[in-house]
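# Sharing a model prediction with you, sequence too.
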Amino acid sequence: MKKDAVAYLVTRKRGDVEHQKEILEEFCKYRFTINQFFNDHRISSTPLRKRDGYNQMLEYCQENEIKFILFLSLSALSRNPDASVEELKLLISEGYVPFFARSDFIGYYDDPALRAEAIGDFITYIETYMEGVKKVQPPHPRQEALSRGTIGRPRALNEGQIEALITVRRSGTSISQICRMFNVSRSTVSKILTDHPELKGEWKGKRQSAESAESE
């Protein structure tokens, strides 16, 4: 039996609403019935709890006892990855169960309790890692390499950091956001994702060139 749910959209340009609705409706087949769509336009940098559409959605969920909330992706929630994770924590604590139409690596679609638990584990992992990054500021990789007497270009990230990078990329976080989170260049991220081609995405310049060619 399909479960009642609501969907939240964040749009930036004309046509985004219909496009995102199609993706969400396809994701919902045999799983959910979307009772209502809610939308905020061009405010992805605004805190979630200060958005009109987002708050209307939460009020609707409370009034109609709906606990399943559908998003396009985790990264679509906010430009700030920390804010996205913090909002996930709030939603879980309030009894909601979020789902993502794209890059949903959590699983447990048919078991809300296990899904909520898995999201909680993901939040704990990310928060523990980020807290460690904030507390310990390692020396510059090149300086550290010189102090050890090693030759050649040092590694930008250690094994634990690489694992965390791949995890947040799987969650749908953009490469630009990852560069800021880990303080590395796009080329470093690209090298780390060499063994994960499905996570690398498409270079914007290539896409724009293709679009220009189609318009000619």
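In hand now; what should we look at? Numbers count the residues shown, from 1 in each chain.

# what's the domain layout of this protein?
Domains of the chain are assigned by automatic domain parsing as 3-127, 138-215.

# now those domains as TSV including mean neighbour count?
(Each C-beta comes from the backbone N, C-alpha and C, glycine too.) Shown next, in TSV, are these (neighbours: other C-beta atoms under 10 Å):
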stretch	mean neighbour count
domain 3-127	16
domain 138-215	13
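
# Those domains: lowest mean pLDDT?
Mean pLDDT per stretch puts domain 138-215 lowest among the domains of the chain, at a mean of 68.

# which residues of this structure fall in strands?
All strands of the chain, identified by DSSP state E, fall at 3-11, 32-41, 68-71, 97-100.

# how about those strands, which one is nearest residue 189?
Nearest of those to residue 189, taken as C-beta to C-beta: strand 97-100 at 21.3 Å.

# Partner strands of that closest one and their direction?
strand 68-71 (parallel) (DSSP bridges).

# Keeping just the C-alphas, turn the strand it pairs with into CSV.
C-alpha atoms of strand 68-71 as CSV (Å, rounded to 0.1, in the frame of the first residue of the first chain):
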residue,chain,number,x,y,z
PHE,A,68,7.2,11.1,5.0
ILE,A,69,8.9,14.0,3.3
LEU,A,70,10.4,13.7,-0.2
PHE,A,71,13.3,15.8,-1.5
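
# Which residues does it contact?
Residues outside strand 68-71 that contact it (C-beta atoms under 8 Å, 6 or more residues apart in numbering): 3-8, 24, 27-28, 32, 34, 57, 61, 77, 91, 96-101, 112.

# what does stretch 49-65 give?
Taking C-beta under 8 Å, 6+ apart as the rule, stretch 49-65 contacts 4, 6, 8-9, 35-36, 38-40, 43, 48, 66-67, 69, 87, 96.

# hey, which helix is longest across the protein?
Longest helix of the chain, by residue count under DSSP state H: helix 112-135.

# orientation of it relative to strand 3-11 in degrees?
Helix 112-135 and strand 3-11 meet at an angle of 30 degrees, taking axes from the mean of the first three to the mean of the last three C-alpha atoms, to 10 degrees as the criterion.

# Fine by me, we can end here.
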